[in-house]
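**Q** build the 3D model from these lines:
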Amino acid sequence: MAGQDNLTPLGRLEKYAFSENLFNREIVARGLLDVLREFSDNENDFISVMETVARMSEDGEPTVRAELMEQIPNIAMFLHESRPNFPAAFSRYLVPIVVLYLTDPNNQVRKTSQAALLVLLEQGLICKADMETKVCPVLIELTEPSSDDDYKTEAVAIMCKLVTMLSKDTVERLLLMRFCELCSDARLFQVRKVCAANFGEFCSIVGQEATEKLLMPKFFDLCSDSLWGIRKACAECFMVVSNCTSPEVRRTKLSPLFINLISDQSRWVRQGAFQSLGRFISTFANPSSTGLLFREDGTLLELPRCTSESDSSINSRKGCETGGCPPAERTITHTPPNQDGRATPSPERSLMADLQYNDKNKDMEQADENFNSFYYWRPPLPDISGELEMLTSPTEEGEDEECPVSKCSPANATSHQIQKVLDCLQPHMDDPDVQAQVQVLSAALKVAKLDSPSDCSPTEDQPSSLSEDEGDSDTPATESEPAEVQVESEQSPTEEEQAVEPPAAPESCPVQEQGEMETQTEPQEGPEDSPPGSPVLVRDDSDHSSVESELIESVEKEDSAPSPVPEEQPKIQNVIPQQLLDQYLSMTDPDRAQTVDTEIAKHCAFSLPGVALTLGRQNWHCLKDTYETLATDVQWKVRRTLAFSIHELAVILGDQLTAADLVPIFNGFLKDLDEVRIGVLKHLFDFLKLLHAEKRREYLYQLQEFMVTDNSRNWRFRYELAEQLIQIIELYSHYDVYDYLRQIALTLCSDKVSKVRWISYKLVVEILQKLYASGANDLGLNFINELIVRFCHCNKWVGRQAFAFICQAVVEEDCMPMDQFAQHLLPSLLSLSSDSVANVRVLVAKALRQSVMEKVYFKEPGCPYSDELEETVMALQTDKDRDVRFFATLDPNKALMDTAP
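**A** Presented below is the predicted three-dimensional model:
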């Protein structure tokens, strides 16, 4: 244009920045960063440009303002890097523009300014003073009750995003009270929904005291809001809120609140609650009780548990008594606190159990040398002679008539049948279990004879009449309770004995005793069959052969399971509220998938390690059935989730429970789909190292199965196998490595995929290092000869190239003595220096120049291989290929990229 050359650059900027042409103004706004780069060296020009930017922010066209706001973060980053007085210029010119556009009438401009503000905060470009004096006051003003609805909703959203980037003091002083008011906004549900979705962030910033005092009442209101979307948002952030409260509040207030959300009438709320259930349960984890702690880097540590004797394991208890407790954390290795996976009962708990279950579980608790498994089938019969005397006294005052034969005949029948059983058992007295049966039956026979018709009197009628009228057949046991408790207290084991004995879990006693009582009372057809004190072993209408068969069958069942079966243990614990655990266990119910979420089983599987860590290994019986159900779920995604976390669960449970409960599931995963097997394979080393050597050795035979995949194109599966084998080598002896892992490594070295082959070459080097480090030089030599035949003399150049790479890695890793390398590997390596393929000679030149010739052994004056090495390197330096010459003459001290693919 005419006259354009007469304008200075700043004049030209002024002309187009305020041109009547909209397109010109947009172009200027879009190119402001380039303009600032041109004028940043001159202070006066820089100020002029910044003032032009400030005036452009008042442009009446929204597209110009939006273009300008999009450039603000880029301009701020440039000024921060190049201008020493950046804070002053940024605070004076750019921050007011960002704050102004937060209240812009155009929606696009407001959205752009909000995004720019977040970027500036993330980069740390806005100072604390500007946040407190310029940004926060605008947000507080926009969230006033009288503010426009659109502005208010957007301001709440930006406030909730800003809170994570502000200090605790700023949030508490400027934003906390306004946030509490917004949580109760009765007019706009969008505001309440945004507050509910970001409630956890506010709790995390302000801390426990402010959360429990100010935010918890608002959270309760939001969890009971009339809109399901708000309640669902509360359920999704429940874990974060729970982390910011005390254990007491978590148990007494948050738990009932969460139960309400799980049973909400809305399916979507229930879905969100169930997805957060496992994470919420994990907030109850207490390292002092579980003895396990996850650090921020994901490492699971075992903590010393010397503070509480009731929660201490056998080893830690002994360590504390002898002053040998470890003073600091240590990485977990194997043994769980109690070898059977149950918590060691405290003296108080054992006493309560004695008082509660009386003499029925006394013999199981003591477990002395006279223990016999027959006592589980039925407890020892009580002495009822005292009760019979007490029952005789009132009857003497009553009728003194004849004794009907019908009333006394059951005792005769019972005595006769018991005697038949004893006669049948006499030929088998060599069996200790039969001896125990005979002892019990003999005692029963004596009691039955007390009630025989030979001394029939009204005394015998009285118990039956009492049983008929009042149904008080348990009166003798109840009246003898004080005496039994006294005996039990005298014979109760000491604290140390309780720690060493493996007693049955106290929780299992009610179920077991209930089963025993049912077994005892089931044959009784009526109160007239026998007195309440007499033992009824069989029905009156059965012959002696059926009696014997039933008795022996019961004993055989007891022999096969002398202790309470873990599955029969009640799923009761005291770590978390029982309702939460019950709801979590119900997530595997097929009805849940229909009424809540089809992916609910996957969420259950995902959070199970966290729940197991919270409950501790002593409560694993609560989760065992659920874990087995998930492991056999028809959805492979559920099994895949478990496969990826089974190694973490093994650390939590310890070696005993892992061998008993996880190894069978692990074996099942090994035969599953590739999508499931990859989860096991990625952490194969982590799982195997937790097993005992005998159990670990069994998997040597199964490692070969990983070579077979559903899809042969799945090369990443084989790549992962090679990576795991590199670590697994340290878990096995050099004999096992040579016999099993060597062949797998050589097979992987011939893989069709280059990436698999190169990682397998490193595996070969590790195997060779293992053999020589263990002193198995003969095995190492055999392996070297096999490598020479397979690779050095390979018809394909990739094999010969691999041999050069292996030789270089052997030297760099010091896998073997250099004299052994020079004798067995170096001649074959030198022979490849004249290979017809340049790619092979490149790696030979690199191996010789950068690795072999740098070893002290080959630099010594008397080295017999030095001359041959120098001749070979000189020949490579004059090679016809440029790359070969380059690596043959390269200074080894120079860092170059690896030539291996």
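
**Q** strands of the protein, start to end?
**A** Here the chain has its strands, by DSSP state E, at 292-294, 300-302, 330-331.

**Q** do you know the pLDDT at the residue nearest to Asp879 when sequence neighbours are not counted?
**A** Spatial nearest neighbour of Asp879, chain neighbours left out: Arg885 (5.3 Å); criterion: CB to CB, 6 or more residues apart in numbering. All C-beta atoms are positioned from the backbone trio N, CA, C, and that covers glycine. At Arg885, the pLDDT value in this model is 93.

**Q** what's near enough to touch Arg885?
**A** Leu876, Gln877, Thr878, Asp879 (CB atoms under 8 Å, 6 or more residues apart in numbering).

**Q** burial count for the first one?
**A** When neighbours are counted by other CB atoms under 10 Å, Leu876 registers 23.

**Q** and the gap between the residue nearest to Asp879 and Leu33?
**A** Distance, Arg885 to Leu33, using CB to CB, to the nearest Å: 47 Å.

**Q** can you check Ser828 too?
**A** Ser828 sits at a distance of 61 Å from Leu33 (criterion: CB to CB).

**Q** which of the strands of the chain has the lowest average pLDDT?
**A** Ranked on mean pLDDT, the bottom entry among the strands of the chain is strand 330-331, at a mean of 38.

**Q** low-confidence ranges, this protein, go.
**A** Applying pLDDT under 70 to the chain flags the ranges 1-7, 83-87, 294-300, 302-414, 428, 430-437, 440, 443-444, 446-569, 894-901.

**Q** Asp591 and Ala601: what is the separation?
**A** Relative to Ala601, Asp591 is positioned 12 Å away (CB to CB).

**Q** to clarify, my last question referred to Tyr735.
**A** Remark: distance between Tyr735 and Ala601 (CB to CB) = 43 Å.

**Q** please apply the same query to Thr103.
**A** 49 Å.

**Q** so between these two, which is more surrounded?
**A** Ala601 (25 against 17).

**Q** surely the more buried one and Leu630 touch.
**A** Yes: using CB atoms under 8 Å, Ala601 is in contact with Leu630, at 6.3 Å.

**Q** overlap in contacts, those two.
**A** With CB under 8 Å, 6+ apart, Ala601 and Leu630 have common neighbours Thr588, Val638.

**Q** what segments of the stretch 651-800 of the chain are helices?
**A** In the stretch 651-800 of the chain, the helices defined using DSSP state H, counting those that start in this stretch lie at 663-670, 674-682, 684-688, 693-697, 715-728, 734-736, 742-749, 754-773, 777-787, 797-812.

**Q** for Thr153, find the nearest of those helices.
**A** helix 674-682 (42.7 Å; CB to CB).

**Q** buried ones in that closest one?
**A** Neighbour-count burial for helix 674-682 flags Asp674, Val676, Arg677, Ile678, Gly679, Val680, Leu681, Lys682 (criterion: 16 or more other CB atoms under 10 Å).

**Q** ok, and what's touching that helix?
**A** For helix 674-682, the external contacting residues (CB under 8 Å, 6+ apart) are 636-637, 639-646, 666, 669-670, 687, 706, 709-711, 714, 717, 720-721, 724.

**Q** can you give me the distance of Arg677 to Lys602?
**A** Relative to Lys602, and taking CB to CB, Arg677 is found at 18 Å.

**Q** and what of Gly862?
**A** The spacing between Gly862 and Lys602, counted by CB to CB, is 68 Å.

**Q** so which of these two has more stuff around it?
**A** In terms of neighbours (other CB under 10 Å), Lys602 is the more surrounded of Gly862 and Lys602; the figures are 21 against 5.

**Q** surely the more buried one and Arg639 touch.
**A** No: Lys602 lies out of contact with Arg639 (CB under 8 Å); the separation is 9.8 Å.

**Q** give me the common contacts of these two.
**A** By CB under 8 Å, 6+ apart, no residue touches both Lys602 and Arg639.

**Q** contacts for stretch 247-266 next, please.
**A** 212, 216, 220, 223-224, 228, 231-232, 234-235, 238, 241-242, 245, 269-270, 272-274, 277, 280, 283-284, 286, 576-577, 579-580, 583.

**Q** drop anything exposed from these.
**A** 212, 216, 223, 228, 231-232, 234-235, 238, 241-242, 245, 269-270, 272-274, 277, 280, 283-284, 576-577, 580, 583.

**Q** may I see the buried residues of stretch 731-743?
**A** Leu731, Tyr732, His734, Val737, Tyr738, Tyr740, Leu741, Arg742.

**Q** redo those as TSV? Include distance to Val798.
**A** Formatted as TSV, those follow (distance: CB to CB, whole Å):
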residue	distance to Val798
Leu731	31
Tyr732	29
His734	29
Val737	25
Tyr738	25
Tyr740	26
Leu741	22
Arg742	20
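
**Q** and of the residues you listed, the nearest to Ser184?
**A** Leu731 (59.6 Å).

**Q** that closest one against Phe685, yeah?
**A** Yes: between Leu731 and Phe685 there is a contact under CB under 8 Å: 7.3 Å.

**Q** count the residues that sit near Val884.
**A** Other residues close to Val884 by other CB under 10 Å number 24.

**Q** let me see the contact set for it.
**A** Val884 is in contact with Ala838, Arg841, Val842, Ala845, Leu876, counting by CB under 8 Å, 6+ apart.

**Q** 10 Å instead?
**A** 833, 838-846, 875-878 (CB atoms under 10 Å, 6 or more residues apart in numbering).

**Q** tell me, how many residues neighbour Lys752?
**A** Residues within reach of Lys752, counting by other CB under 10 Å, total 10.

**Q** look up phi and psi at it.
**A** The phi and psi torsions at Lys752 (degrees, to the nearest 10) take the values phi -70, psi -30.

**Q** returning to what we had before: in CSV: the helices of the stretch 651-800 of the chain, plus distance to Glu43.
**A** Compiled in CSV, those are given as follows (distance: least, CB to CB, whole Å):
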stretch, distance to Glu43
helix 663-670, 69
helix 674-682, 58
helix 684-688, 61
helix 693-697, 72
helix 715-728, 58
helix 734-736, 73
helix 742-749, 65
helix 754-773, 56
helix 777-787, 70
helix 797-812, 56
